[in-house]
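Asker: Quick one, fold the following:
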Amino acid sequence: MRKLGSLAVVVGSLACASTAWAIPDFNVTDGVAASQTSQTSFVASLGSFTRETFNASSPTTGAVLTTAAGTFTSTIAGQQGQIISIANGDISGRGLAPFSGNFLESRDSTGVSWRAASGGTFDAIGFFLQDAGDQGALLNITANDGTAKSITVQGGNGNTRYITITFDQPVTEVAIDFVNTGSNLKSDGWGLDNITIGRLIGGGGGNAAVPEPASIASLASGLLALGFVLRRRRPS
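Answerer: Modelled structure (predicted):
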């Protein structure tokens with residue numbers, strides 16, 4: 001029975017390390033110059049990061065696209081069907097400065113799901129969003145890792161924004177949904193570029209590896225207790 005009790009301590013410690021939710025928060029900057037400044041400030045706030053510019057990929061089209069920033073999926077068709085693409089050049093007000101080279105194009109999909117990931121832990125995401133809501137639709141962006149938060153954006157042709165999503169603790173991946181609502185929703189596309197995923201310096205989840213120290217201490221205590229019981233049961 002002592003052995004089972006010690007095992008319960010270990011399992012309980014592992015469970016405690018995985019039940020907390022990371023709560024997202026949004027910040028939106030409008031305008032080309034202001035968006036570029038916001039990107040510079042955001043990158044400077046990171047201790048480490050990865051970036052997806054889409055320039056390493058050839059232009060392609062499909063319902064699902066896997067990138068260095070995670071997987072994008074067209075979930076609700078627009079006037080061009082249930083597709084998205086990695087595109088290049090000026091496309092209906094998308095692909096303009098500060099975009100450069102390739103970018104992710106919604107192809108008027110009414111819904112796009114992004115499973116954001118970088119191959120490690122992160123607590124901050126930043127990206128340029130262009131040409132959202134210029135045909136009357138409202139683009140609702142929802143980040144969900146246990147607790148969902150949303151923003152709604154609209155604007156004129158070729159509008160540019162820099163959007164950051166931060167979390168109060170590190171995550172390994174997060175679901176982010178882009179859904180058009182309102183009028184002309186099936187003909188109101190948008191583009192993403194220069195996606196940066198990283199760890200904030202001293203903020204959010206900090207810039208240290210997970211699990212956090214409290215979880216490590218709890219797990220260590222459980223392992224020590226298990227080792228003590230097993231040693232007592234060992235024949236002399």
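Asker: Show me what secondary structure element comes after the longest strand belonging to the chain.
Answerer: For the chain, the strand with the greatest residue count under DSSP state E is strand 160-182. Scanning forward in sequence from strand 160-182 by DSSP states H and E, the next helix or strand is strand 191-200.
Asker: Centre of the chain to the longest strand of the chain, how far?
Answerer: In terms of CA atoms, centre = their mean, to the nearest Å, the centre of strand 160-182 is set 5 Å apart from its chain centre.
Asker: tell me the mean pLDDT for stretch 202-211?
Answerer: Computed over stretch 202-211, the mean pLDDT rounds to 50.
Asker: what residue ranges in the protein score low on pLDDT?
Answerer: Along the chain, segments meeting pLDDT under 70 span 1-20, 203-236.
Asker: And the longest strand of the chain, what does it pack against?
Answerer: strand 24-30, helix 32-44, strand 70-76, strand 111-130, strand 137-144 (3 or more CB pairs under 8 Å, 6 or more residues apart in numbering; DSSP states H and E). Just so you know, the C-beta spots here come from the backbone N, C-alpha and C atoms, and that holds for glycine as well.
Asker: Deepest in the core, which of the ones you listed is it.
Answerer: Sort the helices and strands packed on strand 160-182 by mean neighbour count, taking mean count of other CB atoms under 10 Å, and strand 111-130 sits at the top with a mean of 22.
Asker: Can you say which of the helices and strands packed on strand 160-182 is nearest to Asp90?
Answerer: Asp90 lies closest to strand 111-130 among the helices and strands packed on strand 160-182, at 10.7 Å (CB to CB).
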